[in-house]
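**Student:** sequence-free structure coming up:
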């Protein structure tokens, strides 16, 4: 989908207003989640879930928007090697979840984002395999991305475009194996040959629905 310059020039205010309205939440999430994920995800996020935040950092790029995704290193854990947004666990010294997202972004990929660049948040998301309650924070960025990676946390950065995600040719099906050995299929996005699935794809699904409303 192409956007006129008029829409692009005013997108920050419009998207900010949408982020502060009624969000599609689980309806959007389920579009990019497996039936298995839907079955094991409770309606309400458990009160004992560990808190975390991620940063969706949008930058205008022609008639679309781009944002950095990270590829996690391989390790002995449920999210090994997966594509994700910069982010991580809430720290007791963090002011709030926005602080967590901004801090983690700077620590992981070296981009410092100020609080006044934050335009809102997407719906909170629960990740059953890691018992994580994730807050997706959305911010804008006008400068060139200059990355400085924490190699312990980040294997590489992949710059994705909203237009890529809107292209049906990049909508795939991914088969994953649970720790117990069961295999399930789930919708996914292909971004420059990288498979984006799970919580990251679910958050992107909600973002895309909101961007469609900018027309």
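**Tutor:** Here it is on my side, so go on. The shown structure was predicted, so the numbers you read here are calculated from the model rather than taken from an experiment.
**Student:** OK, contacts around residue 39?
**Tutor:** If a contact means CB atoms under 8 Å, 6 or more residues apart in numbering, then residue 39 has no contacts. Bear in mind the C-beta positions are built from the backbone N, C-alpha and C, glycine included.
**Student:** for the helix or strand where it lies, which positions count as buried?
**Tutor:** Using DSSP states H and E, residue 39 sits within helix 35-40. For helix 35-40, a neighbour-count test (16 or more other CB atoms under 10 Å) marks 36-37 as buried.
**Student:** What's the first helix or strand after that helix?
**Tutor:** strand 50-61.
**Student:** which helices and strands does that next one pack with?
**Tutor:** Strand 50-61 is packed against strand 64-71, strand 87-89, helix 97-109, strand 132-140, helix 198-212, with contacts defined by 3 or more CB pairs under 8 Å, 6 or more residues apart in numbering; DSSP states H and E.
**Student:** closest to residue 32 out of the ones you listed?
**Tutor:** The closest of the helices and strands packed on strand 50-61 to residue 32 is helix 198-212. By CB to CB, the value is 4.1 Å.
**Student:** How much space separates residue 57 from residue 120?
**Tutor:** As defined by CB to CB, to the nearest Å, residue 57 lies at a distance of 13 Å from residue 120.
**Student:** Residue 22 too?
**Tutor:** 13 Å.
**Student:** Looking at the two, which is more packed in?
**Tutor:** With neighbours defined as other CB atoms under 10 Å, residue 22 and residue 120 compare such that residue 120 has more, 18 against 6.
**Student:** need the contact list for that one.
**Tutor:** Residue 120 neighbours (CB under 8 Å, 6+ apart): 15-16, 18-20, 138.
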